[in-house]
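A.B. asks: Got a predicted structure here, sequence first:
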Amino acid sequence: MVLFFFSHAGGSAKSYVSFKRFLPKDTTVIPMELSGRFTRMSEPLLDNVADCIADLIEKHSEEISGEYALFGHSMGTVLVTEFIRQTKAKGLPQPCHIFLSGKNPPDEDVHCFENVETASDEEIVSFFTANSLSAATPAPPDDALVKILNRILATDVRMAERYKASPDDVKFDCDITVIYGTEDPLMQNVDMSSWGRFTDGKCSLYPFSGDHFYFQQHKEEVCNIIKEKLHV
């Protein structure tokens, strides 16, 4: 079983490799790192979802085969949705299961900003920091690096907020599992069961105590759900 992880805005997909500690040893965990971010910092900083996914499909073309599943958190759910749209259009094998975490479906009008295009990088970073929407990592001492990381976060937020897709645009061919934190400020007015409209299969809901990064204290429990759904 191959499990692809798609990251939240401003985060590195590499951080999700930590899930592997609670998964079977024969599960292959692949972080889908976007161009221009973290381990791919030397590459162009792509600023729209479609280009990011086209790049990832090309980069991981040999691994998108056989039995695989997808896990996307926050912005990662947007990336997963576009991944399905593009792989279906290309006639590529589809996942056996999809895990969607911490974000509303991409056809619902739930946004952090009234107009993300007019929000400055500083305003976006301040909003995410004030609402505990950034993963808790020590601030780097290098001011230049801080600016780079803030630019990545702002770029990710803008492209995630721009993205729109309805069940008419993309439909998942497999069962899905939706997971979220009950104290997540972004989820307070969201019916997460509405993700069920995007699949003809089953949609299972799993709320956990905690905020946007609820899984930091529930990682083993989340991995138990993954193992149950994937029968591994």
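C.D. replies: It's in.

A.B. asks: what residues does stretch 77-94 touch?
C.D. replies: 6-7, 32, 34, 49-50, 52-54, 56-57, 64-66, 68, 70-72, 95, 98, 100-103, 106, 160, 163, 165, 169-170, 172-174, 198 (C-beta atoms under 8 Å, 6 or more residues apart in numbering). Backbone N, C-alpha and C define where each C-beta goes, glycine included.

A.B. asks: What residues of that stretch count as buried?
C.D. replies: 77-87 (16 or more other C-beta atoms under 10 Å).

A.B. asks: same deal with stretch 201-219?
C.D. replies: 203-204, 208, 210-215, 218.

A.B. asks: Wait, a helix at Glu123?
C.D. replies: Yes. Checked against DSSP: H, G, I helix; E, B strand; the rest coil, Glu123 lies within a helix.

A.B. asks: Dump stretch 111-129 to CSV, restricted to CA.
C.D. replies: Taking C-alpha atoms only, stretch 111-129 is exported to CSV below (Å, rounded to 0.1, in the frame of the first residue of the first chain):
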residue,chain,number,x,y,z
HIS,A,111,-13.0,31.5,3.3
CYS,A,112,-10.5,33.0,5.7
PHE,A,113,-10.5,36.3,3.8
GLU,A,114,-13.3,38.3,2.1
ASN,A,115,-10.8,39.0,-0.7
VAL,A,116,-7.6,37.1,-0.4
GLU,A,117,-6.2,38.9,-3.5
THR,A,118,-6.1,42.2,-1.6
ALA,A,119,-4.7,40.8,1.6
SER,A,120,-1.0,41.4,2.2
ASP,A,121,1.4,38.6,3.1
GLU,A,122,1.6,40.2,6.6
GLU,A,123,-2.1,40.1,7.0
ILE,A,124,-2.4,36.5,6.0
VAL,A,125,0.4,35.4,8.3
SER,A,126,-1.0,37.4,11.2
PHE,A,127,-4.5,35.9,10.7
PHE,A,128,-3.1,32.3,10.7
THR,A,129,-0.8,33.0,13.7
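
A.B. asks: residues making contact with that stretch?
C.D. replies: Against stretch 111-129 from outside (C-beta under 8 Å, 6+ apart): 9-10, 133-134, 150-151, 153-154, 157-158, 161-162, 186.

A.B. asks: Now list the buried members of the contacts of stretch 77-94.
C.D. replies: For the contacts of stretch 77-94, buried by 16+ other C-beta under 10 Å: 6-7, 32, 34, 49, 52-54, 56-57, 64, 68, 70-72, 95, 98, 100-103, 106, 160, 163, 165, 170, 172, 174, 198.
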